[in-house]
Every structure is written in structure tokens, then in C-alpha cells.
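[1] whatever this is, show me its structure:
(one chain, ligands or ions: 1)
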Amino acid sequence: MKKCALLLVVVTVLAFVFGGAAFAADKKIVVGFAQIGAESDWRVANTKSIQDACAEAGIDLRFVDGQQKQENQIKALRDFITQGVDVIGFSPVVESGWDEVIEEINDAGIPLILSDRTTDIKGDDYYVTWMGSNFIEEGRNAGKWLVEYLKKQGRNKEQINIVELQGTVGSGPAIDRQKGFVEVIAENPNLKITQSQTGDFTRDLGRTVMESFLKKGEKIDVLYAHNDDMALGAIQAIKEAGRKPGKDIIIIGIDGVKAAFEAIAAGEYNCTVECNPLLGPQFVDAVKKLAAGETLPKITYSIEGVYDETTAKEALPTRQY
Ligand code: GZL
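    Numbers count the residues shown, from 1 in each chain. Below you'll find the predicted structure:
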């Protein structure tokens, strides 16, 4: 018996010394996941995907909802270290402010999987793998769709005023979706962003900020929202202002949630750029590969589409989130 115990200690020490995690062969894999919150339909679908995939794989998932507060996520990460979980999964609510706790995770020798959002920490040796979307590409796709749509409408010479609902200030998707969109419209001098403010990725704030945009009384031709939830909230404000969403004001959002497809089918929304939240199976696959000692790719991008009134209605029955 003593020999087995000694062997187990040696294996565990070696695993930590060589920076590997010590997955005990005879027990369930324990994963700590620090989620951002439940701020949008996208996030709710993302959480369900991770929880369902972990349950199906028999993984012991310690799941914490950070309620969109960085301090809650940092506390959860520290708790996972204390619990000695095998793997930590994490979607950082904003890009900065993680250096200290990430160092503690690395010092504890617990492998870190980034899912969805990223941090501004330099280099990529602090995490094992990252899976999610190319947010700059999503912003570019939104801009490209708008340029094409205006061309088809014969409005590519008209001065077009765009209002923008940004995501959570300082978050990867907000920074990069703005970057990608601005890159495309900069090539079209008739397109101008006249008002831009954060709606923090929520419907409520999307509605109230859109109300304030409308109250200014300036010409508004397009709404570009960094997620569908803010756009869906803004649609309420547009209707309350006696305007026709999808007609008087062209509306473009990102995520591809079911409610956006339904709004497009109803003629109240024009385009949604897909951002796949169903990362659970990919996340579990990465955990299993880690436990098997396999190496993982640093980055895995989701494959995503762009949907508008020509495609959304047909795709609606197949949508999973
Ligand atoms: C994008 C994700 C964003 C969604 C929002 O990958 O981080 O957060 O676009 C969600 O709906 O709140």
C-alpha cells in the first residue's frame, strides 16, 4: 500500500514540476468555470452548452456566474485554486486587470482554458487553449453587409448616419467589433457614425440608450449593435418613437440568437452576424485532451455565417439558440 501512495505522490509532484496538471486516473475530472453572467440570450445559451456538455461527459463542473463583475470572477478563480480543481475555464468580462490572478493560476500549475473572450495579457503561454469567435471579422462582416445592402437599395451615394450600441466597455467583443466595423465604413465616405454609446450587451440598456439617440432629433438611418439583445431593446424604443424598425432604420446586430431571426422574419430587423455560443462540446473536448496529455491548438475559431431577410426565415427552424 505504501508503495502505491508513494508512487501517487511522485507522479503528482512530477506533474506539477513539469507544469502539467495532475489528473488522478481513478476520479472524476473537476473543472472550475468562471462565467461572465447571464446578460444576454447568447450568454444563457453559452452557459447551457458548457453545463450540458460537462454533465454528459461526467465532469464535476464547479460553475460560477460572475454577474458581469470582474471582482466576482477573480474571487471564483481564486476559489478554484483553493479547491485544487484539475482545469479552469474562464471567459473574462473585460480584457484588462487579470495579471495577478492569472499568475496565481499558473503558479498553482492548473491548466487554463479561455472560452469566448480574451485578456490583454501579453503572449499566450498563460493559457492552454482559447476557443471562440473572431470579433474583428464579425464587425467587418456587419460593415460589409451594410455597404452591399445600401448599394442594392440605391443609397450608396446618400449621406448615411449610423448610431452604434457598443458592448461592455473594455470587453474584447466591444473593442474588436467596433474595430472591424469602422475599418469597413472608413472605405465609404458617405457612411458616418454620428452617435455611439455602450448598452453593456443588455436589452434594457439598449432600449434606453436608443431612446436617448432618438431624442436628439438627428437623422438616423442605421443602428449597428454589438449584440442582438441591445438591438432588440432598441427596436422597442424605435417603435415607441413612432418609427418603423427594419424600414425607417436599418438594424444590424451580432450573435444570431433566435429572437433576432424572428425579428428579421417579422420585417423589423435586417441582419444578424452569427457568433456561436455553443462552445460546450469544444470545451469538454479540450478538457479530455488535456487529461490524456495531448497538446491543444492555441486558438480555435468558430465557423459563423451572416443572416438577413433573404436567409433568416428559412434558417429559423434549425436554430439551436
Ligand atoms: C461574444 C460574447 C458576447 C455576445 C453578447 O462572444 O462574449 O457577450 O455577443 C454577450 O451577447 O453578452
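[2] C-alpha from now on. contacts and neighbour counts both.
    OK.
[3] which residues does the residue nearest to residue 55 when sequence neighbours are not counted contact?
    Leaving out its chain neighbours, the residue that sits closest to residue 55 by C-alpha to C-alpha, 6 or more residues apart in numbering is residue 61, at 7.7 Å. If you count contacts by C-alpha atoms under 8 Å, 6 or more residues apart in numbering, residue 61 has them with 30-33, 51, 54-55.
[4] quick check, distance from the helix or strand where residue 61 lies to the centre of its chain.
    Per DSSP states H and E, residue 61 falls inside strand 60-65. Mean C-alpha position of strand 60-65 versus that of the full chain (C-alpha atoms, centre = their mean, to the nearest Å) differs by 18 Å.
[5] which helix or strand lies directly C-terminal to that strand?
    Note on strand 60-65: by DSSP H and E, the next helix or strand toward the C-terminus is helix 70-83.
[6] and that next one with strand 60-65, angle?
    Between the axes of helix 70-83 and strand 60-65, defined by axes from the mean of the first three to the mean of the last three C-alpha atoms, to 10 degrees, the angle is 160 degrees.
[7] list the buried ones in helix 70-83?
    Residues of helix 70-83 classed as buried by neighbour count (16 or more other C-alpha atoms under 10 Å): 70, 72-74, 76-78, 80-81.
[8] follow-up on the earlier one: quick check: bridge partners of the residue nearest to residue 55?
    Residue 61 has these beta-bridge partners by DSSP bridges: residue 31.
[9] near the ligand, which residues of the stretch 101-250 of the chain?
    Applying C-alpha under 6 Å from any ligand atom, we find that the stretch 101-250 of the chain lies next to the ligand at 116-117, 173, 201, 227.
[10] most surrounded residue in these?
    Highest neighbour count within these: residue 227, with 34 neighbours (other C-alpha atoms under 10 Å).
[11] so that one touches residue 167, yeah?
    Yes: the pair residue 227 / residue 167 is scored as a contact, 7.1 Å apart, by C-alpha atoms under 8 Å.
[12] joint contacts of those two?
    Once C-alpha under 8 Å, 6+ apart is applied, the residues that residue 227 and residue 167 both contact turn out to be residue 201.
[13] which residue sits closest to residue 108, ignoring its sequence neighbours?
    Distances taken as C-alpha to C-alpha, 6+ apart place residue 81 nearest to residue 108, at 6.9 Å, with adjacent residues excluded.
[14] ok, residue 124 next?
    Nearest-residue entry for residue 124: residue 298, 7.6 Å, with adjacent residues in sequence omitted and distances by C-alpha to C-alpha, 6+ apart.
[15] just give the number of residues close to that neighbour.
    One way to gauge burial is a neighbour count; for residue 298, by other C-alpha under 10 Å, it gives 14.
[16] how much space between residue 97 and residue 135?
    With distances taken as C-alpha to C-alpha, to the nearest Å, residue 97 is found 20 Å from residue 135.
[17] again, but for residue 122
    Distance from residue 122 to residue 135, by C-alpha to C-alpha: 18 Å.
[18] more neighbours, those two?
    Each of residue 122 and residue 135 had its neighbours counted (other C-alpha under 10 Å), and the higher figure belongs to residue 135 (25 against 8).
[19] so who does the more buried one touch?
    With C-alpha under 8 Å, 6+ apart as the criterion, the residues that contact residue 135 are 172-173, 176-177, 180.
[20] what would the residues you listed look like in a markdown table with secondary structure?
    Putting the contacts of residue 135 into a markdown table (DSSP: H, G, I helix; E, B strand; the rest coil) gives the following:
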| residue | secondary structure |
| --- | --- |
| 172 | helix |
| 173 | helix |
| 176 | helix |
| 177 | helix |
| 180 | helix |
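[21] so which of these comes closest to residue 245?
    Minimum separation from residue 245 among these (C-alpha to C-alpha) is found for residue 177, which lies at 22.0 Å.
[22] which non-adjacent residue is nearest the closest one?
    For residue 177, the spatially nearest residue (C-alpha to C-alpha, 6+ apart) is residue 139, at 4.1 Å.
[23] mind telling me which residue of the stretch 51-200 of the chain is nearest the ligand?
    Of the residues in the stretch 51-200 of the chain, the one nearest the ligand is residue 116, at a distance of 4.9 Å by C-alpha to the nearest ligand atom.
[24] neighbours around the nearest residue to that residue once chain neighbours are set aside, how many?
    Leaving out its chain neighbours, the residue that sits closest to residue 116 by C-alpha to C-alpha, 6+ apart is residue 132, at 4.4 Å. By the criterion of other C-alpha under 10 Å, residue 132 has 22 neighbours.
[25] contact partners for residue 132?
    Residue 132 touches 115-117, 276, 279, 300-302, counting by C-alpha under 8 Å, 6+ apart.
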